[in-house]
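J.: Quick one, structure for this:
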Amino acid sequence: MMAKYRHIGRVYFPKDEFDYLLDALMPETGEIRRCSVHWEASPPGGALVIRAEDIHSLRAALNSYMRWANVALGVFHRYRRS
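T.: Sure thing, here's the model as predicted:
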């Protein structure tokens, strides 16, 4: 039986950040239970798209990915400034 993902979260990023996050976080995509996670091109950048069976799974996935994105983008911006 296929899971029904009723809740959807999208987080948009500008192109340079999207390209970096795509490489940095791709190995983690799809690792959260009761969720489907993928990256989607959305000019002029892109989006992290999370579909979840329930609101609690969506919240857990968003929290997890945003924490990792925050860490990765901190490194990205620090490197870009130097």
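J.: List the beta-bridge partners for the most centrally placed residue in the chain.
T.: The centroid of the chain falls nearest to residue 48 when counting by Cα atoms, centre = their mean (3.7 Å). On the basis of DSSP bridges, residue 48 is bridged to residue 11, residue 39.
J.: now it: how far from residue 24?
T.: 12 Å (Cβ to Cβ, to the nearest Å). Where C-beta positions appear, they are placed from N, C-alpha and C, glycine not excepted.
J.: With residue 75 instead?
T.: 8 Å.
J.: Give me the more crowded residue out of these two.
T.: Remark: of residue 75 and residue 24, residue 24 carries more neighbours, 16 against 11, as counted by other Cβ atoms under 10 Å.
J.: which secondary structure elements does the host helix or strand of the more buried one contact?
T.: Secondary-structure assignment from DSSP states H and E places residue 24 in helix 15-25. When contacts are defined as 3 or more Cβ pairs under 8 Å, 6 or more residues apart in numbering; DSSP states H and E, helix 15-25 packs onto strand 35-42, strand 45-52, helix 55-81.
J.: Output the contacting helices and strands for the longest one.
T.: Packing partners of helix 55-81 (3+ Cβ pairs under 8 Å, 6+ apart): strand 7-14, helix 15-25, strand 35-42, strand 45-52.
J.: Could you tell me which residues within the third one count as buried?
T.: By neighbour count on 16 or more other Cβ atoms under 10 Å, the buried set for strand 35-42 is 35, 36, 37, 39.
J.: Equivalent analysis for the first one, please.
T.: Residues of strand 7-14 classed as buried under the neighbour-count rule (16+ other Cβ under 10 Å) are 7, 9, 13.
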